[in-house]
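>>> no sequence for this one, just the structure:
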């Protein structure tokens, strides 16, 4: 949508920027815009490489060792504790 500017559209945008900012300020703004775009590209490239490194690290990491299931615990019945009390008397 925005990436398909033709020569005519770019000239109109340039003329409007020239009128709004003036011929002295326009080169400074273009330079600042170029720096910002460069920093953005650099940051996205770093982020992409970090993500790719993490994905590669996960793929090469050994899977965790599977442990056998734990044995079932002995169930205590609430009536057992009462009968034990009666035998003690």
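Thanks, I have the structure now. The model shown is predicted, which means the values in this text are computed figures rather than measured ones. Numbering: from 1, shown residues only.

>>> Can you spell out which helices and strands pack onto the lengthiest helix in the chain?
Among all segments of the chain classified by DSSP state H, the helix with the greatest residue count is helix 7-60. Here helix 7-60 is seen to pack against no other helix or strand when contacts are counted using 3 or more Cβ pairs under 8 Å, 6 or more residues apart in numbering; DSSP states H and E. Using the backbone N, CA and C atoms, a C-beta is placed for each residue, glycine as well.

>>> Can you give the distance of that helix from its chain's centre?
Relative to its parent chain, helix 7-60 has a centroid offset of 21 Å by Cα atoms, centre = their mean, to the nearest Å.

>>> quick one: average pLDDT of it?
Per-residue confidence for helix 7-60 averages out to 91 on the pLDDT scale.

>>> again with stretch 73-86
If you average the per-residue pLDDT over stretch 73-86, you get 58.

>>> check contacts around residue 38.
With contact set as Cβ atoms under 8 Å, 6 or more residues apart in numbering, residue 38 has no partners.

>>> What spatial separation is found between it and residue 8?
According to Cβ to Cβ, to the nearest Å, residue 38 and residue 8 sit 27 Å apart.

>>> Same check on residue 40?
Per Cβ to Cβ, residue 40 is found 27 Å from residue 8.

>>> got it, and residue 42?
Taken as Cβ to Cβ, the spacing of residue 42 relative to residue 8 amounts to 32 Å.

>>> Equivalent analysis for residue 32, please.
Separation of residue 32 from residue 8 (Cβ to Cβ): 26 Å.

>>> for residue 15, same thing?
Distance check for residue 15 against residue 8: by Cβ to Cβ, it reads 11 Å.

>>> Residue 50 now?
From residue 50 across to residue 8, the span is 41 Å (Cβ to Cβ).

>>> for residue 73, same thing?
With Cβ to Cβ as the criterion, residue 73 and residue 8 are 79 Å apart.

>>> Residue 37 - how many residues pack around it?
Neighbour count of residue 37, defined by other Cβ atoms under 10 Å: 10.

>>> again with the one 4 residues further on
Neighbour count of residue 41, defined by other Cβ under 10 Å: 10.
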